[in-house]
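predicted model and sequence below, questions to follow.
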Amino acid sequence: MNKGLHLISMMKNQRGVTAIVAAITMAMLIGFVALAVDVGYLYATRNELQNVADAAALAATRKLGSIYQTMSYEEQQNYDVSGDRPSIEMVANEVAEKNQAANLDIKIKPEDVEIGRWTGSPPLDVRNDQPDAVRVKARRDSGINGTIATFFARIFNHNTMSVSADATAALTGPAIVGEGELKLPIAVSMSYFPDNCPGQIDFQDKCAGWHNFFDAINANAMKDKLISFIKNDPGGEGEAWLREYFYKSVDATIPDASATPETASSDMYDFQEGVIAALFSGEIIQWDDNGPITPAQEDKGNPAAFPALFDYFRFRDGDENDNVWTTTVPVYKAYYDETNGQCVRPNYAPPYQSSIEIVGFATVQVVGVDAAANTVDVILDCKITFLDERGGGGMHGNTKGAIPNLVE
């Protein structure tokens, strides 16, 4: 009986329980402290590494843009970054070393600098030909810069932690196209880019239209402007060329709208769909297998504006093909008829007026003009990718943009 009472007494005795509970609670508290302090320090270091990666990616991409600035359009189309990779990696590393993460100057390993094309969504398309973006990873781990030491987590045998961050910067497209480069009064819809490019464009189509550059549509004013583009061509041959083929009399007056080839910008343009017959009315140069046939009359005068524009600039566009005119056109914001799944005609776009925003520029080849039918055969260069979300225009025109923006 006494033995039973003693056993019951021992079971009721709670001396020492508080110490056990306190020990367990202390361990949990230490765990929470370790979580709060060490994980907080981890995230703070990661934020610092993110700043390093952002700065290094922007600097490296700006270096890429500065390389493109020294090139012609043709050189850009054949550019391979392999030879310039060390200089781009060096710039990324130089900028990174000016920043710290967890009180340490950060270095970037060459393999953590990836160069390629940004397609609008991750991951970066790593490649050497015609790159437009750079991805940089900044890290503190056993591979470079060393891991970061823990404070309380080492109680649980976690003495160090690894952390990294990465960033991608891409070149913008040009906000403007260079001085004197916009000569063709035609524009195409953004809906063609990047995946719906038909190649040849029908300018009676709903996805393309005529414009008068920065002025309102006016057929007669447009005609004089195109003749002025020839007369005032910075190359200096325009007026002599017009007099050779059209205004042969010394007394003949060449219309002059005081216009020169435009400097294109992201702006609002007015559009007209279909054809503008006034641009095709008048005299045209006749051609045979040996070249142009000079008009026999003393004063031919009244050239058909668009065919004359084509005949003049196709020999002066630098593309080494005198049969086509390689030039630049604006790309306007796309609108759709949701019912039919088609583009809205450019002068019927919401808010149902002719003025539409220009969001970039594209390269086209004018391959032929049918003055009798008032039509133009134009092939759109589909190799250039349109990415308007970067700001500053899209990847269009004769130059790649030089200003980097963070895209990832």
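Alright, I've got the coordinates.

how about stretch 93-113: buried residues?
Across stretch 93-113, burial judged by 16 or more other Cβ atoms under 10 Å covers 93, 95-96, 99, 101-102, 106, 108, 112-113. In this view, the C-beta of every residue, glycine as well, is placed from N, C-alpha and C.

pLDDT weak spots in the stretch 1-150 of the chain?
Filtered on pLDDT under 70, the stretch 1-150 of the chain yields the residue ranges 1-23, 27-28, 30-35, 72-74, 77, 120.

now with 90, please.
For the stretch 1-150 of the chain, the stretches with pLDDT under 90 are 1-45, 62, 64-79, 99-104, 117-125, 129-132, 146-150.

domains for this protein, by residue range?
Structural domains annotated on the chain: 10-171, 186-386, as defined by automatic domain parsing.

tell me which of those domains lies nearest to Asn405.
Proximity to Asn405 (Cβ to Cβ) singles out domain 10-171 among the domains of the chain, at 6.3 Å.

before we move on, the earlier item: nearest to Glu408, out of the domains of the chain?
Of all those, it is domain 10-171 that lies closest to Glu408, at 3.8 Å by Cβ to Cβ.

where along the stretch 101-250 of the chain do the strands fall?
Ranges of strands in the stretch 101-250 of the chain, per DSSP state E, counting those that start in this stretch, are 113-117, 125-126, 133-140, 148-149, 160-161, 163-171, 186-189, 200-202, 208-211.

Asp288: which of the ones you listed is closest?
Using Cβ to Cβ, these put strand 200-202 closest to Asp288, at 25.9 Å.

any idea how far the residue lying closest to Leu104 once chain neighbours are set aside lies from Asn220?
Leaving aside its chain neighbours, Leu104 sits nearest to Asn145 (6.1 Å; criterion: Cβ to Cβ, 6 or more residues apart in numbering). Per Cβ to Cβ, to the nearest Å, Asn145 is found 69 Å from Asn220.

between the two, who's got more neighbours?
Set Asn145 next to Asn220 and count neighbours by other Cβ atoms under 10 Å: Asn145 wins out with 24 against 12.

does that one touch Ile108 like I think?
No: the criterion here is Cβ atoms under 8 Å, and Asn145 misses it with Ile108 at 9.2 Å.

may I have the residues that are in contact with the nearest residue to Arg117 once chain neighbours are set aside?
Among residues not flanking Arg117 along the chain, Asp125 sits closest, at 4.5 Å (Cβ to Cβ, 6+ apart). Asp125 is in contact with 116-119, counting by Cβ atoms under 8 Å, 6 or more residues apart in numbering.
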